[in-house]
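**Student:** Pasting the sequence and the predicted coordinates here, then a few questions.
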Number of protein chains: 6
Amino acid sequence: MSKEFTHIDQNKPTMVDVGDKAETKRTAIAQSIVQLPEEMKAHIAEGEIKTLKGPVFQTAIIAGIQGAKRTSELIPLCHNLPLSKVEIDIKLLENLRVEITCEARTFGKTGVEMEALTGASVAALTVYDMCKAFSQDIEIQNTRLIKKTGGKSDFSQA
Amino acid sequence: MSKEFTHIDQNKPTMVDVGDKAETKRTAIAQSIVQLPEEMKAHIAEGEIKTLKGPVFQTAIIAGIQGAKRTSELIPLCHNLPLSKVEIDIKLLENLRVEITCEARTFGKTGVEMEALTGASVAALTVYDMCKAFSQDIEIQNTRLIKKTGGKSDFSQA
Amino acid sequence: MSKEFTHIDQNKPTMVDVGDKAETKRTAIAQSIVQLPEEMKAHIAEGEIKTLKGPVFQTAIIAGIQGAKRTSELIPLCHNLPLSKVEIDIKLLENLRVEITCEARTFGKTGVEMEALTGASVAALTVYDMCKAFSQDIEIQNTRLIKKTGGKSDFSQA
Amino acid sequence: MSKEFTHIDQNKPTMVDVGDKAETKRTAIAQSIVQLPEEMKAHIAEGEIKTLKGPVFQTAIIAGIQGAKRTSELIPLCHNLPLSKVEIDIKLLENLRVEITCEARTFGKTGVEMEALTGASVAALTVYDMCKAFSQDIEIQNTRLIKKTGGKSDFSQA
Amino acid sequence: MSKEFTHIDQNKPTMVDVGDKAETKRTAIAQSIVQLPEEMKAHIAEGEIKTLKGPVFQTAIIAGIQGAKRTSELIPLCHNLPLSKVEIDIKLLENLRVEITCEARTFGKTGVEMEALTGASVAALTVYDMCKAFSQDIEIQNTRLIKKTGGKSDFSQA
Amino acid sequence: MSKEFTHIDQNKPTMVDVGDKAETKRTAIAQSIVQLPEEMKAHIAEGEIKTLKGPVFQTAIIAGIQGAKRTSELIPLCHNLPLSKVEIDIKLLENLRVEITCEARTFGKTGVEMEALTGASVAALTVYDMCKAFSQDIEIQNTRLIKKTGGKSDFSQA
């Protein structure tokens, strides 16, 4: 109808149609590693790190869960969907490496990889925030998908 | 795979899995009472309170509805879910007591008690905000669940 | 139970109950026109407008998609629901008129007109924001629904 | 340090630095017109429109104020800043035209045009939402800046 | 300019202008009491309540802090402003009464009563959410302002 | 006044008081590396990656800027503050490594490290989201602070 002068966007951002995809149970597990600085050693006790800002892992777990629920607000082309479960687990490995695992679940038309990855990332950033008063030599490493079920194809880290 | 040094969180925050719960019609009604100060008496007319900030109850109703929709952002371990209805009712009882009732409904796997309670609470806080220029002697009292249907068990305030 | 003194709100805001409406595939297409000022002519190239703030249409498309997903937070009595698709298209018509089209889809109990209209409006506001350094003589015109399917009745702009 | 293969973004989106701009009192007034359909005539009384969803203008004013406060979340390259005032005014003109005016104020380093325009737009969308049950022949017209003071240059609609 | 047919809103919602108020250090302390049911007694240990959803008070403190920061999104006519401090304290009193105290601080043109009250309320709702699996006989009581300094007049609960 | 039964939280989460810190110009630069899979090679052209979801880097830059502005909502104990600048830069290095740099600035009482780190992380997650249809063998690596000025002490990555 309108006389077109020129068409914008050969390659434009789009939130693709998932309306015809099957609704299935979908799960995803993502992981993030935080490398803490030597300075933190003195503050670890009973599997938790205590700082002036409070207990690091408890706070990070809550932040990560809330972050996972807001994934579609943060990642522009993600579909918003109700999550049936979000669980975050934090382990302190050797050499001050913190391993954050986030599992997300839904029953729906799209996978929940981004929800799991966002949950792990926000938890990792919260660990950073609570430890940075001791040293800024902190690094968030190896954020990646570990496992995924449901949808067209499953995935599992080799 | 990773050699575990120590495991964090004997008792960690978790958004529990509701994936296997039945989808049913669920309703919840919550209530909050706001005790207004004597100073407000002069400002009540035709069932509304008029202030420099505007009509108190109309504004509180809208705030409460919007608050109910954002429950899962505010309450860390709440599941996000689409609400099919939110209705807030406000009555002015004797002795300057304001009774706020919030009803929430969904068709889903979790109850909507927190949505109803959050809607009532945000409406009550808005009443507070709009009346506080007259006096800070305001109190939000008795926020509680009145009724709940759907899910494993119904509930009704004795 | 409580002795009622007076009842507030003959005509109060309500998020109406859609619990008994049929779940169907629903689509809506909305449109917004932005009239740019003469000053923009020099900045148009290859179907895009380049400004100090960056590429106008790419940015507006992303903002509009994200805005559509947040409709229920912005419009008080809108139901929150998962969108299966949001697509925004921008064309530069004659006389510096920018035509923004937003299509939203869901499978649910309410229409998605407001999602499409909000997506188009937020994209239009973003175009405004990125061009306003050149001139404030910009106007957002004719935001309206073009088409709607699903639900009780279809609609199509004459 | 890192050997660069290729540099992305000749023209990338940027939130420009306003750190060196002067802090001044800034105001902006924006306007939006909503053209209502004939069907609404029967529902207008005492300067308000009463619908099943509630009073249209009261609800739109609140939505617009809240929208203005969230401008920097919606418009990607807008700076977030505290607003010292948001006021929305709605008039019903001849021929079912609704005139929405939004004034925003701050003391800061950037103008508040986008806040005023976003407030007017969200109020207009809310009017649409509450009237659309009667007819979808509604149009949001002529959203534009009316006046602006503070900053490098003032502006006033001719 | 536009011929006015009728003017809406004798008493409309407004976010009042605080542009000319003095910038001062402002603090506010609010309190909320949560009455827990008898069933919770068995779950209290070392000043914390342990539930399947995790530690109640740790989670509630974080939720309350985050809620306080979002006050202006929840309460329609509240000004958005940067908070310099939010601290939430939780004590378990006799008879299963939980006392939640929230202190908010800013340097600015408006008081932070609503921020303190919102923080206490969101923390109280979180306590409710985490205990409700045991019994719905929980009540949030006596949310009120305890103290306020800065601004035109100080306040202290008698 | 209230008889205390037991005090919760030896080590509780707190948003520390920055009210007495000096207001200075503060900047922070953070970096994140995304390792793309071999499959992406065919989709790189002119410093951008084109996918069915749209241009990867343009979208990631916008997502990162918006993410930086919402840092205080995501990281529980972060102070909310107005940012005067956010800039994200993306370079494609050798071996399909994407280098994301985010610079944040403010004039205020707290540093903006978390804003820079959150901006880089959200941009990295967006890159992941847009490339994952090709392969899930993507890894976000080495998110860390590069430089920081203003406040008590400067920092620069060795």
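**Tutor:** Ah, there it is. Numbers count the residues shown, from 1 in each chain, chains lettered A, B, ... in the order given.

**Student:** Up against chain E, what does chain A have?
**Tutor:** A:Gly54, A:Pro55, A:Gln58, A:Thr59, A:Ile61, A:Ile62, A:Ala63, A:Gln66 (CB under 8 Å from any CB of the partner chain). Using the backbone N, CA and C atoms, a C-beta is placed for each residue, glycine as well.

**Student:** For chain F, state which of these is nearest.
**Tutor:** A:Gly54 (3.5 Å; CB to the nearest CB).

**Student:** Just list the residues touching that closest one, thanks.
**Tutor:** Listed by CB atoms under 8 Å, 6 or more residues apart in numbering or on different chains, the contact set of A:Gly54 reads A:Met130, E:Ile61, F:Asn11, F:Lys12, F:Pro13, F:Thr14, F:Leu77.

**Student:** again with A:Thr14
**Tutor:** Taking CB under 8 Å, 6+ apart as the test, what A:Thr14 contacts is A:Leu77, C:Ile65, C:Glu87, F:Leu52, F:Lys53, F:Gly54.

**Student:** try it again with 7 Å
**Tutor:** A:Leu77, C:Glu87, F:Lys53, F:Gly54 (CB atoms under 7 Å, 6 or more residues apart in numbering or on different chains).

**Student:** So the nearest residue to the last one once chain neighbours are set aside, which state does it fall into?
**Tutor:** Right, F:Gly54. Counting by CB to CB, 6 or more residues apart in numbering or on different chains, F:Gly54 lies nearest to A:Pro13, which is 3.4 Å off, once chain neighbours are set aside. When classified by DSSP: H, G, I helix; E, B strand; the rest coil, A:Pro13 comes out as coil.

**Student:** neighbours around A:Pro13, how many?
**Tutor:** 26 (other CB atoms under 10 Å in any protein chain shown).

**Student:** if I pick it, what's in contact with it?
**Tutor:** With the criterion set at CB under 7 Å, 6+ apart, A:Pro13 makes contact with A:Pro76, A:Leu77, C:Gln58, C:Ile61, C:Ile62, C:Ile65, F:Lys53, F:Gly54, F:Pro55, F:Thr59.

**Student:** Am I right that the fourth one is in contact with C:Glu87?
**Tutor:** In this case it means C:Ile61. No. In this structure, C:Ile61 is not within contact of C:Glu87 by CB atoms under 7 Å, at 8.9 Å.

**Student:** neighbour-wise, which of these two wins?
**Tutor:** C:Ile61 (31 against 22).

**Student:** and the more buried one, what element?
**Tutor:** helix C:56-69 (DSSP states H and E).

**Student:** Chain A: strands as residue ranges?
**Tutor:** A:4-7, A:24-35, A:44-45, A:48-51, A:54-55, A:85-93, A:97-108, A:139-149, A:155-156 (DSSP state E).

**Student:** Reformat those as TSV; add mean pLDDT.
**Tutor:** TSV is the format used below for the strands of chain A (pLDDT from 0 to 100):
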stretch	mean pLDDT
strand A:4-7	48
strand A:24-35	97
strand A:44-45	89
strand A:48-51	92
strand A:54-55	94
strand A:85-93	96
strand A:97-108	97
strand A:139-149	96
strand A:155-156	90
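
**Student:** Please name whichever of those strands is nearest to B:Ser32.
**Tutor:** strand A:85-93 (28.8 Å; CB to CB).

**Student:** That closest one near chain F at all?
**Tutor:** No. Using CB under 7 Å from any CB of the partner chain, strand A:85-93 never reaches chain F; the gap is at least 13.6 Å.

**Student:** Looking at chain A, which helix is longest?
**Tutor:** helix A:113-131 (DSSP state H).

**Student:** and it, what's its mean pLDDT?
**Tutor:** Averaging pLDDT along helix A:113-131 yields 98.

**Student:** which helices and strands does that helix pack with?
**Tutor:** Helix A:113-131 sits against strand A:24-35, strand A:48-51, helix A:56-69, helix A:71-74, strand A:85-93, strand A:97-108, strand A:139-149, helix F:113-131, with contacts defined as 3 or more CB pairs under 7 Å, 6 or more residues apart in numbering or on different chains; DSSP states H and E.

**Student:** Return the closest of the contacts of A:Thr14 with respect to chain E.
**Tutor:** Distances from chain E to the contacts of A:Thr14, taken by CB to the nearest CB, are shortest for A:Leu77, at 24.4 Å.

**Student:** hmm, back to that, any chance of the strands of chain A in TSV with distance to B:Glu23 as columns?
**Tutor:** Converted to TSV, the strands of chain A look like this (distance: least, CB to CB, whole Å):
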stretch	distance to B:Glu23
strand A:4-7	44
strand A:24-35	13
strand A:44-45	44
strand A:48-51	38
strand A:54-55	37
strand A:85-93	15
strand A:97-108	9
strand A:139-149	21
strand A:155-156	28
